[in-house]
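1. Sharing a sequence plus its predicted fold:
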Amino acid sequence: MNNKEGNNKKSGPRANSSRPSSNKPKPAMQKRAQGPKKVKVNTKVAEVVTDKVEKKPNQAPKRPKVKDEIRLNKYIANSGACSRRDADIYIQSGTVKVNGVPVTEMGYMVKPGDVVNFDGATLTPEKKVYILLNKPKNFTTAMDEGQEYRNVLELVKGSTTAKIGAVGRMDKNTTGLLLFTNDTDMIRKFTLPSQKSSKIYQVSLDKNLKFEDLEKINKGLTLDGHRVFVEDVSYIEGEAKSEIGLQLRSANVKVVRNIFEHFSYDVLRIDRVSFAGLTKKNLPRGNWRLLTEQEIINLKNV
């Protein structure tokens, strides 16, 4: 009996000791093995997606671009007939012909030698011209007849045979930089409220600008329901406190005047000393010059 019990006691632990070894947990190994499987599934899905992208039906091959060809709407704009946006409207209406055939396709490319007829007239694209003027007083951009003051176009007369226009407006009392071009896209670009190029003005007031008013201007203000963001405003070093430097994005000189009139100051003079990176360096008052190629590139990239 004792032997049996002893045997039973000995066999008991052996049986128990064998159970843990057979029931050792192995989920961790299985989870590690599952990791690559998920990646494989994802790659298969990615392969299926790429296959779908590559198998687009009716996808026309890209036509190689011919040297010196140009989009039809740009060709029309370069001719000075209208802007690119307006040219698209004319193209869609069917009033534009290329080599005698009406073209309504957006993005149509005009090749060298093509004859483009716009609303009954044959177009000849002009070379783009960009002229910078340091405008003096008593000249205005207004084209109204019977004006007491002369038009600014008189100051750049003879600079080009192209039909150019001023970028923005200037009244008779405003002086400084004024850009002229026959590039209708650029004119539109710099007259949009959303354009982001900086202009710097030197403003002369009838009295010293209070420091608290200067701080208020620097924080920005609302004029006629529109928020005006001022990039910088400061007193001009070495000058009276009535001489102010103002930097903002608006090309509208009226905004400059309205800012100070809002705080009950009378504006005596406004001089634009910088326009989108262009300055008055080596350009005396009343003189003009052609922009360099790099300056034109910079304006287009603003």
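-> Now that the structure is in, tell me what you want to look at.

2. And the nearest residue to T175 once chain neighbours are set aside, which helix or strand is it part of?
-> In this structure, T175 finds its nearest non-sequential neighbour in D271, 4.8 Å apart by Cβ to Cβ, 6 or more residues apart in numbering. Every C-beta, even on glycine, is put in place using the N, C-alpha and C of the backbone. Taking DSSP states H and E as the criterion, D271 maps to strand 267-275.

3. That strand: which residues count as buried?
-> Neighbour-count burial for strand 267-275, counted by 16 or more other Cβ atoms under 10 Å, picks out 267, 270-275.

4. so what strands line up beside that strand?
-> Strand pairing for strand 267-275, using DSSP bridges, gives strand 174-181 (parallel), strand 199-205 (antiparallel), strand 278-279 (antiparallel).

5. Tabulate those (TSV), appending mean pLDDT.
-> Formatted as TSV, the strands paired with strand 267-275 follow (pLDDT from 0 to 100):
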stretch	mean pLDDT
strand 174-181	96
strand 199-205	96
strand 278-279	96
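
6. Please identify the most buried of these.
-> Stretch with highest mean neighbour count among the strands paired with strand 267-275: strand 174-181 (a mean of 23; mean count of other Cβ atoms under 10 Å).

7. pull the CA atoms of it into CSV?
-> Once non-C-alpha atoms are left out, strand 174-181 reads as follows in CSV (Å, rounded to 0.1, in the frame of the first residue of the first chain):
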residue,chain,number,x,y,z
THR,A,174,0.6,110.7,-57.0
THR,A,175,4.2,110.2,-58.2
GLY,A,176,6.6,107.3,-58.5
LEU,A,177,6.7,103.9,-60.2
LEU,A,178,4.1,103.0,-62.8
LEU,A,179,4.4,99.9,-65.0
PHE,A,180,3.2,99.8,-68.6
THR,A,181,2.7,96.7,-70.8
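
8. Which residues does that strand contact?
-> 128-137, 141, 152-153, 156, 159, 164-168, 170, 187, 190, 201, 253, 269-275, 278-280, 285, 288 (Cβ atoms under 8 Å, 6 or more residues apart in numbering).

9. before we move on, what about stretch 185-197?
-> Contacts to stretch 185-197, defined as Cβ under 8 Å, 6+ apart, come from residues 77, 83-85, 130, 165, 167-168, 179, 181, 249-251, 275-277, 299-300, 302.

10. From the chain's centroid, how far away is that stretch?
-> Chain-centre distance of stretch 185-197: 8 Å, with Cα atoms, centre = their mean, to the nearest Å.
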